[in-house]
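**Q** Sequence unavailable; structure follows:
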């Protein structure tokens, strides 16, 4: 049970943005950039596990209407170690409330019938990380005074 709680917490991480959320009831899209910094030599393993285990959850969130779009980027060149990140995943949520809606446990079990493997690989994906941060962003209109 302890292991399941840990995985559930890790999957819920994107929904822990209450302090940065716009006012309740907002219908505007809510954009968050999720940054991942992997241990040296493990970035490929991280993205492989992300694609296998987390991206299907995000795609299902799109089907359920909670997410409008998911994109991912990796830097072309390297940066200083303190500013380095390996992947940036940008999620456009339908609104500020959407990241707080829990993902149905039944859907998780349907997507990943072998829960033991899923939990082990999700644990491994997060053990690879040196850092992970979420950054809600807003568009700045440069044409308005």
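**A** Received the coordinates, thanks. Just so we're clear, the structure is a prediction, and the values are computed from it rather than from any experiment.
**Q** Just to check, residue 137 is in contact with residue 33?
**A** Yes: counting by C-beta atoms under 8 Å, residue 33 is a contact partner of residue 137 at 5.8 Å. C-beta: built from backbone N, CA, C; applies to glycine.
**Q** more neighbours, these two?
**A** Higher neighbour count among residue 137 and residue 33: residue 33, with 16 against 11, using other C-beta atoms under 10 Å.
**Q** so who does that one touch?
**A** 88, 89, 90, 134, 135, 136, 137 (C-beta atoms under 8 Å, 6 or more residues apart in numbering).
**Q** Just give the closest residue to residue 75, not the sequence neighbours.
**A** Distance criterion C-beta to C-beta, 6 or more residues apart in numbering; nearest residue to residue 75, sequence neighbours excluded, is residue 85 at 7.0 Å.
**Q** where does that neighbour fall, phi/psi-wise?
**A** Main-chain dihedrals, residue 85, degrees, to the nearest 10: phi -140, psi 150.
**Q** pLDDT of the helix or strand encompassing residue 118, averaged?
**A** Using DSSP states H and E, residue 118 maps to helix 115-128. Across helix 115-128, the average pLDDT comes to 98.
**Q** packing partners for that helix?
**A** Under the contact criterion of 3 or more C-beta pairs under 8 Å, 6 or more residues apart in numbering; DSSP states H and E, helix 115-128 touches helix 2-12, helix 43-49.
**Q** Brilliant, that's me finished.
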